[in-house]
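> Need a 3D model of the following:
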Amino acid sequence: MEEIDFANDSFEDVVAKDSRYDARAYALLMDVVHYLSREDGKHVSGEEIMDEFKERALDQYGPLTYTVLTEWGLACTEDIGEMMFNLTEAGRVQKDENDTPESFANGYDFKEAFLGPYQT
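All right, here's what the predicted structure looks like:
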């Protein structure tokens with residue numbers, strides 16, 4: 001299998017099959033997965049992906065995180081799961097028998113997670 005250059009991936013094929021999410025959202029998610037899977041080579045859980053996704057998004061977009069993510073089509077952690085399964089289908093990531101869409105259900109409230117840190 002040819003190695004994918006995640007930093008320069010346009011995700012055109014993924015977006016063509018499911019245009020609910022912006023290519024930039026896939027790039028952010030792939031960055032998260034790539035980072036987590038490099039740490040020790042172990043399989044990464046849905047919870048770990050959601051937590052790191054939240055941290056990276058907040059670090060990169062600060063008070064605009066919620067606006068950016070909703071403009072990219074994300075409104076809940078279930079969307080992160082949908083994107084993960086789209087990436088799996090496209091051959092970008094692998095899954096095991098324990099990976100299910102339910103792994104991403106009710107992870108955290110997007111408004112609370114991405115607006116809460118900036119409300120006074």
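
> Give me the nearest residue to the spatially most central residue of the chain, chain neighbours excluded.
What sits nearest the mean C-alpha location of the chain, by Cα atoms, centre = their mean, is residue 29, with 3.2 Å. Counting by Cβ to Cβ, 6 or more residues apart in numbering, residue 83 is the residue found nearest to residue 29 once chain neighbours are left out, at 5.4 Å. Every residue, glycine included, has its C-beta placed from N, CA and C.

> For that neighbour, give me its contacts.
21, 25-26, 29, 74 (Cβ atoms under 8 Å, 6 or more residues apart in numbering).

> Switch the residues you listed over to CSV; also include distance to residue 91.
As requested, the contacts of residue 83 are exported to CSV (distance: Cβ to Cβ, whole Å):
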residue, distance to residue 91
21, 17
25, 18
26, 13
29, 15
74, 22
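
> Can you tell me what sits against stretch 27-35?
The contact list for stretch 27-35 (Cβ under 8 Å, 6+ apart) reads 6, 9, 11, 44, 49, 52-53, 56-57, 60, 80, 83-84, 87, 92-93.

> same thing but at 6 Å, please
6, 52-53, 56, 83, 93 (Cβ atoms under 6 Å, 6 or more residues apart in numbering).

> Next: stretch 73-81.
Against stretch 73-81 from outside (Cβ under 6 Å, 6+ apart): 20-22, 25, 50, 53, 101, 104-105, 107, 110.

> and that stretch, how far apart are its ends?
With Cα to Cα, to the nearest Å as the measure, stretch 73-81 spans 13 Å from end to end.
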